[in-house]
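Visitor: Structural data only, the sequence is not supplied:
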């Protein structure tokens, strides 16, 4: 089967491309990019006025399966990904059972093959059951197909165990995705510690709770030489630590979420639990530093930290509510706001979703290079739509963006040469 | 809603004469004022009660106690009002038990205010009896209530509004009738 | 007046100065009722209110209950231990059930900040916050302000020191939001670990030294210190706390001669306040309790007096 994407503005930072081009896809491969491609027997995709980008990659997704299918499963989660313009997602291991052995990894991969619609790359646990006591069978996880290791959601407390995990992971060149949070400092905090935590009387989580662990993991990366990727960076201090580490040549990368880039902690005043997320929405100075860090490349990529929850987990007292935002289906419109406002270049934005995450994972995706896998995200940059959670493919309706209007939405998602999402509808 | 002054049924002098007559009637009815106290119903009943007390003092040489009663919390229309009225203090600094209480109000109309005032008063104690003095009785009673002392009986239509003006609040004394006109 | 539009009383941060004044003014005639032989008016006949306390408080709950009864509302206390909360019922279901039973108003206390706001969003009942977590305790602050105004004749421009665990105090927050609207100079004082971050942005001055903070003040509001804060490592011991922050007679010399001492109760004598002060002639702690009933009557009247259908959500 052949697809011809015609007349779109091709933005492919990996190849330093930004011009109107056609792309020819055959089976699961890109065969040609160029002007006025003529081909017979193919499905023509009219892409005038659209942005044609390499398939977006999300380094940080919670698909919840196995164990928490009432929040999300691989069926709904991968559809949410496709609808959000993502062709590849890395799913976090905090499932039940925890993805700390090849059986769970094989199960996830099999489910993804059978009922998924995008590429699913599993992340394995650093420690057994994510308990932070003993290392997971890292070689086994690597052989089973894990692309990274993480104890996301339950950060590794013991510095010695983190050190061994890094040293061991280095043998397989597996990056460590570190959720940086000192649980003693964050305690039972609910929101960013600052003016609004004082004003609204909610227990604060200081920026330092993240920063001390960022510092620790950078130092451990320096010690071990392992690849460390800092998840969902949310503070100015973290950005500065990462900047210095990169300047010193430490093997560290970082991601930021769309919500941390556009929302401040001012929104907590509604006591709407959809604003509750970990790390918490921070104050203006932090948000500005994150954007600066992203612009300068200190922060490499944008990742969703898609954390879907069932209705009851959010429709309750603020302190009782679960942390997390369902992010896959709003990532593009929310973060594109920064592009429209001139705060982030289009190239940098696309890069942060494509070639950068691909290089962190060391996978052969994230570009439109002929011969490569045909993962393509096509965006309508002018489409204005309201976030309607009732129309989400994700089971998680938990988003602080509900009811808000955004400009720039996914138009089509092509995974391995197959159209999986088009104009608001999943096609498989 | 627009209002137009239709008639002035009492001027300052007429009002003074009416109050003087009521003062005499109170004294006569109670054979003196030994055990009498006056209680004005907020708002305009207050100054009227004060004036009656002064008049009684002029005639009898006796100072009768005067108080003011706020009946807001006893109104029967609270649940139907969207803007609830402000509550003010009831200021009765004498014992009402076993006294003859003369309730004083400006206009007697449906009788509902007096009903509320009776309840409010009885919550404060057990008077020997309660009498009612009003400057104007405009008819249209909705409750079985009758005034003991009336300054002037004035038949009105329900579309009219009777306004008693007192110097203390309005800068002048007098009674006017206003009518509602459609503003078209 | 704004009250006809207001469905709920969730905190003083949302109330205007005029609204606060209306509550305080309305509380004056209410207090008169408390002095009568017959302490009851028929105003709220046929209205029903329920107090739901997810945290113990005999004082506030009893005060609300009495306030309701004095105004002739039917008052029911939902004991959390006796209710289905213990059986794991969600808060939302509890609210729904109470609404369906026909309550007009709900008074809620909860250990978690923002819970009354959540409740208010999910019910047609009017909701009064009787203390939520470390956020607000509006009726306590209103009764404090009533007490101060009654004694000082005005709130305008007074210097008020709030002493103790500011970080965890909803009483402190509500007082700050209320008093600053009247141009008061509010000072908060306590150990550095119990002063919330960026507190000065609320328009107050913060101090670590009790002596410094008390200079020239008109009012001292002493907060209750909870023993559990020590266990969390926020200060070394109650003894050390008392040595630095217990209000004692010599402190009053620093303040104005006619200084008032308030305490929301229950007091820890010998820890945050000495008995000599608590029982001394500057203390208005017992009057606060009486005023609490009057202020709550005023609030109930203002919230339930109007026609239900016309109150916007």
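Guide: Received the coordinates, thanks. These numbers were taken from a predicted model, which means no experiment stands behind them.
Visitor: what's across from the residue nearest to residue A:189 when sequence neighbours are not counted in the sheet?
Guide: Closest residue to residue A:189 apart from its sequence neighbours, by Cβ to Cβ, 6 or more residues apart in numbering or on different chains: residue A:205 at 3.4 Å. Where C-beta positions appear, they are placed from N, C-alpha and C, glycine not excepted. Under DSSP bridges, the beta-bridge partners of residue A:205 are residue A:192.
Visitor: Please name the residues that touch residue A:205.
Guide: Residue A:205 sits next to A:185, A:186, A:187, A:189, A:190, A:191, A:192, A:193, A:278, A:279, A:280 when contact means Cβ atoms under 8 Å, 6 or more residues apart in numbering or on different chains.
Visitor: Surely residue A:262 is in contact with residue A:337?
Guide: Yes - counting by Cβ atoms under 8 Å, residue A:262 does reach residue A:337; the two are 6.1 Å apart.
Visitor: Between those two, which is the more surrounded one?
Guide: Set residue A:262 next to residue A:337 and count neighbours by other Cβ atoms under 10 Å in any protein chain shown: residue A:262 wins out with 21 against 18.
Visitor: Please tell me how far that one sits from residue A:284.
Guide: Distance, residue A:262 to residue A:284, by Cβ to Cβ, to the nearest Å: 12 Å.
Visitor: how would you label the residue lying closest to residue A:389 once chain neighbours are set aside: helix, strand or coil?
Guide: Closest residue to residue A:389 apart from its sequence neighbours, by Cβ to Cβ, 6+ apart: residue A:397 at 3.8 Å. Three-state assignment for residue A:397 (DSSP: H, G, I helix; E, B strand; the rest coil): coil.
Visitor: residues from the stretch 301-428 of chain A in reach of chain C?
Guide: A:312, A:315, A:316, A:317, A:318, A:319, A:320 (Cβ under 8 Å from any Cβ of the partner chain).
Visitor: Just the buried residues of the helix or strand bottoming out on mean pLDDT in chain C, please?
Guide: Within chain C, judged by mean pLDDT, DSSP states H and E, the helix or strand with the poorest mean is helix C:228-231; its value is a mean of 80. Buried residues in helix C:228-231, defined by neighbour count with 16 or more other Cβ atoms under 10 Å in any protein chain shown: C:229, C:230.
Visitor: Pull the number of nearby residues for residue A:27.
Guide: 12.
Visitor: For the closest residue in space to it that isn't next to it in sequence, give me phi and psi.
Guide: Nearest residue to residue A:27, sequence neighbours excluded (Cβ to Cβ, 6+ apart): residue A:417, at 5.3 Å. Backbone torsions of residue A:417, given as degrees, to the nearest 10, read phi 80, psi 0.
Visitor: which of the contacts of residue A:205 has the most neighbours?
Guide: Counting by other Cβ under 10 Å, top hit in these: residue A:280 with 30 neighbours.
Visitor: per-residue pLDDT, the nearest residue to that residue once chain neighbours are set aside?
Guide: Nearest residue to residue A:280, sequence neighbours excluded (Cβ to Cβ, 6+ apart): residue A:192, at 4.3 Å. With respect to pLDDT, residue A:192 has a value of 98.
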